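Visitor: compute the structure for the input listed below.
(chains A and B)
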Amino acid sequence: MKHFAILLQKEWRENIRNYKIFWIPAIFILLGITEPVVNYFLPQILESSGGLPEGAVFELPTPPPEQILTAVMEQFQTIGMVVLILAYMGTIAGERKSGTATLLYVRPLSFPAYFLSKWGMAAVVSLASIWLGFLAGYYYTLLFFGNLEVVKLLQMVGTYSVWVLLILTVVLTASAALPNGGLAAASAFAMYLLAQLVDGLFGTNWAVSPVKIPQYAAAWLTGKPDSGSLGGAIAIALLIILSLSAFGSWMAWKNKARTKV
Amino acid sequence: MDQTTLLLALLPILVIQLALMIFALVDLIKNPNPNGPKWMWGIVIVVINIIGPILYFVLGRRNY
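Guide: Residues are numbered from 1 along each chain as shown, chains lettered A, B, ... in the order given. As a prediction, this is how the structure comes out:
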(Lines give C-alpha, C1' and ligand atoms only; values in the text may rest on other atoms or scores of the structure.)
Protein backbone atom coordinates (compact mmCIF):
# COMPACT_ATOMS: atom_id res chain seq x y z
CA MET A 1 0.00 0.00 0.00
CA LYS A 2 2.85 2.36 0.83
CA HIS A 3 4.48 1.46 -2.46
CA PHE A 4 1.29 2.25 -4.28
CA ALA A 5 0.91 5.70 -2.75
CA ILE A 6 4.48 6.66 -3.61
CA LEU A 7 4.27 5.29 -7.13
CA LEU A 8 1.00 7.11 -7.66
CA GLN A 9 2.71 10.36 -6.67
CA LYS A 10 5.41 9.68 -9.23
CA GLU A 11 2.80 9.02 -11.92
CA TRP A 12 0.96 12.20 -10.99
CA ARG A 13 4.12 14.24 -11.33
CA GLU A 14 4.99 12.59 -14.62
CA ASN A 15 1.54 13.25 -16.07
CA ILE A 16 1.85 16.91 -15.18
CA ARG A 17 5.36 17.23 -16.59
CA ASN A 18 4.52 15.69 -19.93
CA TYR A 19 1.33 17.80 -20.07
CA LYS A 20 -0.92 14.76 -20.46
CA ILE A 21 -3.11 16.11 -17.71
CA PHE A 22 -3.74 19.19 -19.84
CA TRP A 23 -3.88 18.10 -23.43
CA ILE A 24 -5.97 14.94 -23.15
CA PRO A 25 -8.91 16.76 -21.48
CA ALA A 26 -8.49 19.63 -23.96
CA ILE A 27 -8.91 17.25 -26.90
CA PHE A 28 -12.01 15.61 -25.46
CA ILE A 29 -13.62 18.96 -24.61
CA LEU A 30 -12.89 20.12 -28.13
CA LEU A 31 -14.44 16.97 -29.60
CA GLY A 32 -17.48 17.40 -27.36
CA ILE A 33 -18.02 21.02 -28.39
CA THR A 34 -17.39 20.52 -32.11
CA GLU A 35 -20.17 18.01 -32.70
CA PRO A 36 -23.16 20.16 -31.61
CA VAL A 37 -21.65 23.28 -33.15
CA VAL A 38 -21.09 21.65 -36.54
CA ASN A 39 -24.61 20.23 -36.49
CA TYR A 40 -26.06 23.62 -35.61
CA PHE A 41 -24.27 25.38 -38.45
CA LEU A 42 -24.74 22.61 -41.00
CA PRO A 43 -27.13 24.62 -43.23
CA GLN A 44 -24.73 27.58 -43.40
CA ILE A 45 -21.76 25.27 -43.98
CA LEU A 46 -23.53 23.55 -46.88
CA GLU A 47 -24.51 26.91 -48.33
CA SER A 48 -21.05 28.41 -48.19
CA SER A 49 -19.24 25.33 -49.45
CA GLY A 50 -21.01 25.86 -52.76
CA GLY A 51 -21.45 23.42 -55.60
CA LEU A 52 -25.23 23.65 -55.31
CA PRO A 53 -27.44 24.75 -58.22
CA GLU A 54 -29.02 28.16 -57.97
CA GLY A 55 -32.17 28.16 -55.88
CA ALA A 56 -31.66 24.74 -54.30
CA VAL A 57 -33.67 24.52 -51.11
CA PHE A 58 -32.70 22.34 -48.20
CA GLU A 59 -35.07 21.15 -45.56
CA LEU A 60 -32.81 19.82 -42.84
CA PRO A 61 -34.71 18.44 -39.89
CA THR A 62 -33.31 19.64 -36.57
CA PRO A 63 -31.78 16.59 -34.92
CA PRO A 64 -33.05 15.78 -31.42
CA PRO A 65 -30.60 16.35 -28.53
CA GLU A 66 -30.22 12.59 -27.99
CA GLN A 67 -28.84 12.20 -31.49
CA ILE A 68 -26.25 14.92 -30.95
CA LEU A 69 -24.94 13.30 -27.77
CA THR A 70 -24.81 9.92 -29.50
CA ALA A 71 -22.75 11.58 -32.24
CA VAL A 72 -20.41 12.98 -29.57
CA MET A 73 -19.95 9.45 -28.25
CA GLU A 74 -19.19 8.18 -31.75
CA GLN A 75 -16.48 10.85 -32.04
CA PHE A 76 -15.02 9.60 -28.77
CA GLN A 77 -15.23 6.05 -30.09
CA THR A 78 -13.03 6.85 -33.09
CA ILE A 79 -10.75 9.85 -32.54
CA GLY A 80 -10.98 9.74 -28.76
CA MET A 81 -9.92 6.12 -28.49
CA VAL A 82 -7.00 6.66 -30.89
CA VAL A 83 -5.86 9.57 -28.72
CA LEU A 84 -6.08 7.49 -25.53
CA ILE A 85 -4.24 4.55 -27.07
CA LEU A 86 -1.47 6.80 -28.42
CA ALA A 87 -1.18 8.71 -25.17
CA TYR A 88 -0.78 5.64 -23.00
CA MET A 89 1.03 3.23 -25.35
CA GLY A 90 4.39 3.99 -23.77
CA THR A 91 3.50 3.99 -20.08
CA ILE A 92 5.56 0.90 -19.27
CA ALA A 93 7.41 0.10 -22.51
CA GLY A 94 8.65 3.68 -22.79
CA GLU A 95 9.89 3.64 -19.22
CA ARG A 96 11.98 0.57 -19.97
CA LYS A 97 13.40 2.30 -23.04
CA SER A 98 14.16 5.67 -21.48
CA GLY A 99 15.87 4.21 -18.44
CA THR A 100 13.44 5.45 -15.81
CA ALA A 101 12.63 1.82 -15.17
CA THR A 102 16.20 1.09 -14.10
CA LEU A 103 15.84 3.49 -11.22
CA LEU A 104 12.65 1.76 -10.15
CA TYR A 105 13.51 -1.88 -10.70
CA VAL A 106 16.69 -1.84 -8.61
CA ARG A 107 14.51 -1.21 -5.58
CA PRO A 108 12.34 -3.83 -3.96
CA LEU A 109 9.30 -3.05 -6.05
CA SER A 110 5.88 -4.65 -5.87
CA PHE A 111 4.91 -5.14 -9.50
CA PRO A 112 1.14 -5.24 -8.92
CA ALA A 113 1.45 -1.89 -7.11
CA TYR A 114 3.59 -0.60 -10.00
CA PHE A 115 1.07 -1.64 -12.62
CA LEU A 116 -1.85 -0.43 -10.52
CA SER A 117 -0.31 3.01 -10.03
CA LYS A 118 0.06 3.41 -13.80
CA TRP A 119 -3.47 2.14 -14.32
CA GLY A 120 -4.90 4.38 -11.62
CA MET A 121 -3.33 7.54 -12.99
CA ALA A 122 -4.31 6.73 -16.58
CA ALA A 123 -7.86 5.98 -15.41
CA VAL A 124 -8.14 9.27 -13.51
CA VAL A 125 -6.88 11.34 -16.45
CA SER A 126 -8.96 9.63 -19.12
CA LEU A 127 -12.18 9.37 -17.13
CA ALA A 128 -11.93 13.05 -16.19
CA SER A 129 -11.36 13.88 -19.87
CA ILE A 130 -14.34 11.82 -21.02
CA TRP A 131 -16.60 13.37 -18.37
CA LEU A 132 -15.50 16.92 -19.18
CA GLY A 133 -15.95 16.19 -22.89
CA PHE A 134 -19.49 14.94 -22.40
CA LEU A 135 -20.25 17.85 -20.08
CA ALA A 136 -19.09 20.35 -22.71
CA GLY A 137 -21.07 18.53 -25.39
CA TYR A 138 -24.13 18.45 -23.13
CA TYR A 139 -23.89 22.17 -22.44
CA TYR A 140 -23.73 23.05 -26.12
CA THR A 141 -26.56 20.64 -26.90
CA LEU A 142 -28.72 22.41 -24.32
CA LEU A 143 -27.75 25.73 -25.83
CA PHE A 144 -28.49 24.83 -29.45
CA PHE A 145 -30.90 21.90 -29.51
CA GLY A 146 -33.07 21.88 -26.44
CA ASN A 147 -33.44 20.07 -23.20
CA LEU A 148 -32.31 16.61 -22.17
CA GLU A 149 -32.53 15.20 -18.67
CA VAL A 150 -29.26 15.20 -16.75
CA VAL A 151 -30.04 11.74 -15.37
CA LYS A 152 -29.92 10.27 -18.86
CA LEU A 153 -26.53 11.86 -19.48
CA LEU A 154 -25.18 10.54 -16.18
CA GLN A 155 -26.41 7.01 -16.88
CA MET A 156 -24.85 7.09 -20.32
CA VAL A 157 -21.53 8.48 -19.16
CA GLY A 158 -21.37 5.99 -16.29
CA THR A 159 -21.88 3.07 -18.63
CA TYR A 160 -19.41 4.43 -21.15
CA SER A 161 -16.76 4.85 -18.44
CA VAL A 162 -16.59 1.06 -18.05
CA TRP A 163 -15.73 0.80 -21.72
CA VAL A 164 -12.98 3.42 -21.42
CA LEU A 165 -11.46 1.53 -18.48
CA LEU A 166 -11.49 -1.65 -20.57
CA ILE A 167 -9.62 0.02 -23.44
CA LEU A 168 -7.09 1.52 -21.02
CA THR A 169 -6.40 -1.85 -19.43
CA VAL A 170 -5.78 -3.40 -22.84
CA VAL A 171 -3.31 -0.62 -23.75
CA LEU A 172 -1.42 -0.83 -20.45
CA THR A 173 -1.18 -4.63 -20.62
CA ALA A 174 0.10 -4.42 -24.20
CA SER A 175 2.61 -1.82 -23.06
CA ALA A 176 3.81 -4.15 -20.29
CA ALA A 177 4.00 -7.21 -22.53
CA LEU A 178 5.53 -5.81 -25.74
CA PRO A 179 9.00 -4.41 -26.33
CA ASN A 180 8.03 -0.89 -27.40
CA GLY A 181 5.22 1.61 -27.37
CA GLY A 182 4.55 1.53 -31.09
CA LEU A 183 3.93 -2.20 -31.04
CA ALA A 184 1.72 -1.82 -27.97
CA ALA A 185 -0.41 0.82 -29.70
CA ALA A 186 -0.63 -1.23 -32.90
CA SER A 187 -1.69 -4.39 -31.11
CA ALA A 188 -4.17 -2.57 -28.85
CA PHE A 189 -5.67 -0.88 -31.88
CA ALA A 190 -5.80 -4.16 -33.82
CA MET A 191 -7.58 -5.80 -30.89
CA TYR A 192 -10.03 -2.89 -30.69
CA LEU A 193 -10.90 -3.16 -34.39
CA LEU A 194 -10.99 -6.96 -34.36
CA ALA A 195 -13.34 -7.10 -31.39
CA GLN A 196 -15.70 -4.67 -33.10
CA LEU A 197 -15.50 -6.58 -36.38
CA VAL A 198 -16.21 -9.95 -34.76
CA ASP A 199 -19.02 -8.49 -32.72
CA GLY A 200 -20.48 -6.85 -35.81
CA LEU A 201 -20.28 -9.99 -37.95
CA PHE A 202 -21.32 -12.74 -35.55
CA GLY A 203 -22.47 -10.88 -32.49
CA THR A 204 -26.04 -10.01 -33.42
CA ASN A 205 -27.34 -12.51 -30.88
CA TRP A 206 -24.68 -12.04 -28.22
CA ALA A 207 -26.40 -9.62 -25.92
CA VAL A 208 -23.83 -10.13 -23.17
CA SER A 209 -20.77 -8.77 -24.96
CA PRO A 210 -18.45 -6.11 -23.56
CA VAL A 211 -18.03 -4.67 -27.07
CA LYS A 212 -21.71 -3.69 -26.95
CA ILE A 213 -21.25 -1.48 -23.86
CA PRO A 214 -21.09 1.76 -25.95
CA GLN A 215 -24.36 0.78 -27.66
CA TYR A 216 -25.99 0.20 -24.30
CA ALA A 217 -24.61 3.52 -23.12
CA ALA A 218 -26.27 5.26 -26.08
CA ALA A 219 -29.49 3.37 -25.37
CA TRP A 220 -29.80 5.18 -22.01
CA LEU A 221 -30.47 8.41 -23.91
CA THR A 222 -33.60 7.25 -25.69
CA GLY A 223 -34.90 4.68 -23.25
CA LYS A 224 -33.38 1.92 -21.24
CA PRO A 225 -31.05 -0.92 -22.27
CA ASP A 226 -31.93 -4.47 -21.27
CA SER A 227 -30.67 -4.50 -17.70
CA GLY A 228 -29.78 -8.21 -17.75
CA SER A 229 -27.48 -8.00 -20.77
CA LEU A 230 -26.02 -4.67 -19.63
CA GLY A 231 -25.17 -6.15 -16.22
CA GLY A 232 -23.68 -9.24 -17.87
CA ALA A 233 -21.60 -7.16 -20.29
CA ILE A 234 -20.27 -4.98 -17.47
CA ALA A 235 -19.48 -8.05 -15.34
CA ILE A 236 -17.50 -9.60 -18.21
CA ALA A 237 -15.71 -6.30 -18.83
CA LEU A 238 -14.70 -6.06 -15.15
CA LEU A 239 -13.52 -9.67 -15.23
CA ILE A 240 -11.38 -8.92 -18.31
CA ILE A 241 -10.00 -5.79 -16.60
CA LEU A 242 -9.02 -7.78 -13.50
CA SER A 243 -7.40 -10.66 -15.37
CA LEU A 244 -5.58 -8.37 -17.82
CA SER A 245 -4.24 -6.32 -14.89
CA ALA A 246 -2.91 -9.47 -13.26
CA PHE A 247 -1.37 -10.57 -16.57
CA GLY A 248 0.07 -7.09 -17.11
CA SER A 249 1.77 -6.98 -13.71
CA TRP A 250 3.23 -10.42 -14.38
CA MET A 251 4.50 -9.37 -17.83
CA ALA A 252 6.01 -6.19 -16.39
CA TRP A 253 7.90 -8.34 -13.91
CA LYS A 254 8.93 -10.83 -16.60
CA ASN A 255 10.17 -8.10 -18.97
CA LYS A 256 12.25 -6.25 -16.43
CA ALA A 257 15.43 -7.69 -17.91
CA ARG A 258 14.69 -5.79 -21.12
CA THR A 259 15.30 -2.46 -19.44
CA LYS A 260 17.94 -0.37 -21.13
CA VAL A 261 20.47 1.08 -18.75
CA MET B 1 -29.74 33.67 -31.00
CA ASP B 2 -28.06 36.89 -32.08
CA GLN B 3 -24.59 37.33 -33.46
CA THR B 4 -22.70 38.32 -30.31
CA THR B 5 -23.98 35.47 -28.13
CA LEU B 6 -23.09 33.06 -30.94
CA LEU B 7 -19.57 34.42 -31.05
CA LEU B 8 -19.32 34.11 -27.28
CA ALA B 9 -20.50 30.51 -27.53
CA LEU B 10 -17.82 29.74 -30.09
CA LEU B 11 -15.04 31.43 -28.13
CA PRO B 12 -14.08 28.33 -26.06
CA ILE B 13 -13.15 26.40 -29.20
CA LEU B 14 -10.67 29.10 -30.17
CA VAL B 15 -9.31 29.38 -26.64
CA ILE B 16 -8.70 25.63 -26.30
CA GLN B 17 -7.01 25.46 -29.71
CA LEU B 18 -4.74 28.39 -28.85
CA ALA B 19 -3.95 26.91 -25.43
CA LEU B 20 -2.98 23.58 -26.98
CA MET B 21 -0.78 25.34 -29.51
CA ILE B 22 0.94 27.48 -26.88
CA PHE B 23 1.54 24.53 -24.56
CA ALA B 24 3.08 22.57 -27.43
CA LEU B 25 5.24 25.50 -28.59
CA VAL B 26 6.54 26.26 -25.09
CA ASP B 27 7.40 22.62 -24.60
CA LEU B 28 9.09 22.46 -28.00
CA ILE B 29 11.25 25.50 -27.23
CA LYS B 30 12.31 24.02 -23.90
CA ASN B 31 12.89 20.55 -25.32
CA PRO B 32 16.64 20.02 -25.85
CA ASN B 33 16.26 16.91 -27.95
CA PRO B 34 13.00 16.56 -29.87
CA ASN B 35 12.34 13.64 -32.17
CA GLY B 36 13.10 15.38 -35.47
CA PRO B 37 14.06 18.93 -36.47
CA LYS B 38 12.68 21.71 -34.29
CA TRP B 39 11.58 23.97 -37.12
CA MET B 40 9.55 21.13 -38.63
CA TRP B 41 7.69 20.56 -35.35
CA GLY B 42 7.10 24.31 -35.07
CA ILE B 43 5.43 24.35 -38.48
CA VAL B 44 3.39 21.23 -37.67
CA ILE B 45 2.15 22.67 -34.37
CA VAL B 46 1.19 26.05 -35.81
CA VAL B 47 -0.23 24.99 -39.17
CA ILE B 48 -2.21 21.82 -38.41
CA ASN B 49 -5.25 22.51 -36.25
CA ILE B 50 -5.71 20.38 -33.12
CA ILE B 51 -3.93 17.37 -34.62
CA GLY B 52 -0.59 19.20 -34.84
CA PRO B 53 -0.07 19.68 -31.08
CA ILE B 54 -1.27 16.10 -30.42
CA LEU B 55 1.22 14.77 -32.97
CA TYR B 56 3.98 16.71 -31.27
CA PHE B 57 3.04 15.51 -27.78
CA VAL B 58 2.76 11.89 -28.90
CA LEU B 59 5.63 11.60 -31.38
CA GLY B 60 7.84 14.66 -30.95
CA ARG B 61 8.73 14.19 -27.31
CA ARG B 62 11.06 11.30 -26.63
CA ASN B 63 9.06 9.89 -23.79
CA TYR B 64 7.53 6.79 -25.26
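Visitor: so what does residue 35 look like in phi/psi?
Guide: You didn't say which chain, so I picked chain A. Torsion angles at A:E35 (phi, psi; degrees, to the nearest 10) stand at phi -60, psi -50.
Visitor: can you look at chain B instead?
Guide: With angles defined as degrees, to the nearest 10, B:N35 sits at phi -80, psi 80.
Visitor: OK, contacts around it?
Guide: By C-beta atoms under 8 Å, 6 or more residues apart in numbering or on different chains, B:N35 lies in contact with B:L59, B:G60, B:R61, B:R62. (C-beta placed from N, C-alpha, C; glycine too.)
Visitor: quick one: neighbours of the third one, just the number.
Guide: Right, the one you point to is B:R61. 19 (other C-beta atoms under 10 Å in any protein chain shown).
Visitor: contacts only, for it.
Guide: With contact set as C-beta under 8 Å, 6+ apart, B:R61 has these partners: A:N18, B:D27, B:N31, B:P34, B:N35.
Visitor: turn these into CSV, columns for distance to A:K2.
Guide: Putting the contacts of B:R61 into CSV (distance: C-beta to C-beta, whole Å) gives the following:
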residue, distance to A:K2
A:N18, 25
B:D27, 33
B:N31, 34
B:P34, 37
B:N35, 36
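Visitor: can you flag the buried ones in these?
Guide: A:N18, B:D27, B:P34 (16 or more other C-beta atoms under 10 Å in any protein chain shown).
Visitor: how close does A:L46 get to A:F4?
Guide: As defined by C-beta to C-beta, to the nearest Å, A:L46 lies at a distance of 54 Å from A:F4.
Visitor: thinking again about what came up before, any idea which of the buried ones among the contacts of B:R61 is closest to A:A174?
Guide: Of all these, A:N18 has the smallest distance to A:A174: 19.5 Å, by C-beta to C-beta.
Visitor: close to chain B, is the helix or strand containing A:M156?
Guide: A:M156 is located in helix A:150-177, with elements delineated by DSSP states H and E. No - applying C-beta under 8 Å from any C-beta of the partner chain, one finds helix A:150-177 out of contact with chain B, separated by at least 9.4 Å.
Visitor: buried residues, that helix. List them.
Guide: Neighbour-count burial for helix A:150-177 flags A:152-153, A:155-157, A:159-177 (criterion: 16+ other C-beta under 10 Å).
Visitor: show me what that helix is packed against.
Guide: Using 3 or more C-beta pairs under 8 Å, 6 or more residues apart in numbering or on different chains; DSSP states H and E as the contact test, the elements touching helix A:150-177 are helix A:65-75, helix A:81-88, helix A:93-98, helix A:111-145, helix A:181-202, helix A:213-222, helix A:227-254.
Visitor: does the second one come close to chain B?
Guide: Yes - Helix A:81-88 lies in contact with chain B when judged by C-beta under 8 Å from any C-beta; the contacting residues are A:V83, A:L86, A:A87.
Visitor: for that helix, give me every contacting residue.
Guide: Residues lying outside helix A:81-88 but in contact with it, judged by C-beta under 8 Å, 6+ apart, are A:20, A:24, A:27-28, A:122, A:126, A:164, A:167-168, A:171-172, A:175, A:185, A:188-189, A:192, B:54, B:57-58.
Visitor: save the buried ones among the contacts of B:R61 as CSV, and put in pLDDT too.
Guide: As requested, the buried ones among the contacts of B:R61 are arranged in CSV below (pLDDT from 0 to 100):
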residue, pLDDT
A:N18, 83
B:D27, 89
B:P34, 85
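Visitor: list just the nearest of these to B:L11.
Guide: B:D27 (24.5 Å).
Visitor: and the pLDDT at the nearest residue to the closest one once chain neighbours are set aside?
Guide: Of all residues not flanking B:D27 in the chain, A:Y19 sits nearest, at 6.4 Å (C-beta to C-beta, 6 or more residues apart in numbering or on different chains). pLDDT, the model's per-residue confidence, is 85 for A:Y19.
Visitor: this completes my enquiry, with thanks.
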